[in-house]
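Peer 1: Let me see the structure of the following:
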Amino acid sequence: MGLDTLADGMARAFGPVRLSTIMPRWLLTDISTACDPEAFEKLTPQQMPLRGGRPHEIIGATPYLASDASSYTTGAGDRHRGGMTSTR
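Peer 2: Numbers count the residues shown, from 1 in each chain. Below you'll find the predicted structure:
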């Protein structure tokens, strides 16, 4: 079961409470420096069409989901994956 499936089920169970998720895949942060950056750069084109993301590229999802602008949004899985699919 994926996080998006869990969010959908919980949104149905706990409505009218809104419940959605933000699901990034590869984010380049200070913690990702533990990985070998050269090996990561070689794998990236094979695994995702774009590249590893950066935190500032997904930060806008949080205020949206917390605001009244998302009053009709629930059970959503906001995927930030650089083109990488769940099956890769």
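Peer 1: Centre of the chain to stretch 52-67, how far?
Peer 2: Distance of stretch 52-67 from the chain centroid (Cα atoms, centre = their mean, to the nearest Å) equals 9 Å.
Peer 1: Now that stretch: buried residues?
Peer 2: Residues G52, G53, I58, A61, L65 are the ones in stretch 52-67 that count as buried (16 or more other Cβ atoms under 10 Å). (Glycine included, C-beta is placed from N, CA and C.)
Peer 1: Repeat that for stretch 67-78.
Peer 2: S70, T74, G75, A76, D78.
Peer 1: contacting residues for the first one?
Peer 2: If I follow you right, that is S70. Going by Cβ atoms under 8 Å, 6 or more residues apart in numbering, S70 touches R18, S20, Y64.
Peer 1: do the same with G75
Peer 2: A7, D8, G9, M10, A11, R12, L19, S20.
Peer 1: what would those look like in JSON lines with neighbour count, distance to T29 and secondary structure?
Peer 2: What follows is the contacts of G75, written out as JSON lines (neighbours: other Cβ atoms under 10 Å; distance: Cβ to Cβ, whole Å; DSSP: H, G, I helix; E, B strand; the rest coil):
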{"residue": "A7", "neighbour count": "20", "distance to T29": "23", "secondary structure": "helix"}
{"residue": "D8", "neighbour count": "18", "distance to T29": "28", "secondary structure": "helix"}
{"residue": "G9", "neighbour count": "13", "distance to T29": "30", "secondary structure": "helix"}
{"residue": "M10", "neighbour count": "16", "distance to T29": "27", "secondary structure": "helix"}
{"residue": "A11", "neighbour count": "19", "distance to T29": "28", "secondary structure": "helix"}
{"residue": "R12", "neighbour count": "11", "distance to T29": "33", "secondary structure": "helix"}
{"residue": "L19", "neighbour count": "19", "distance to T29": "25", "secondary structure": "coil"}
{"residue": "S20", "neighbour count": "21", "distance to T29": "22", "secondary structure": "coil"}
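Peer 1: Tabulate those residues (a markdown table), appending distance to D36 and pLDDT.
Peer 2: Listed next are these as a markdown table, based on distance: Cβ to Cβ, whole Å; pLDDT from 0 to 100:
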| residue | distance to D36 | pLDDT |
| --- | --- | --- |
| A7 | 33 | 84 |
| D8 | 36 | 87 |
| G9 | 38 | 88 |
| M10 | 37 | 87 |
| A11 | 39 | 88 |
| R12 | 42 | 90 |
| L19 | 37 | 85 |
| S20 | 34 | 86 |
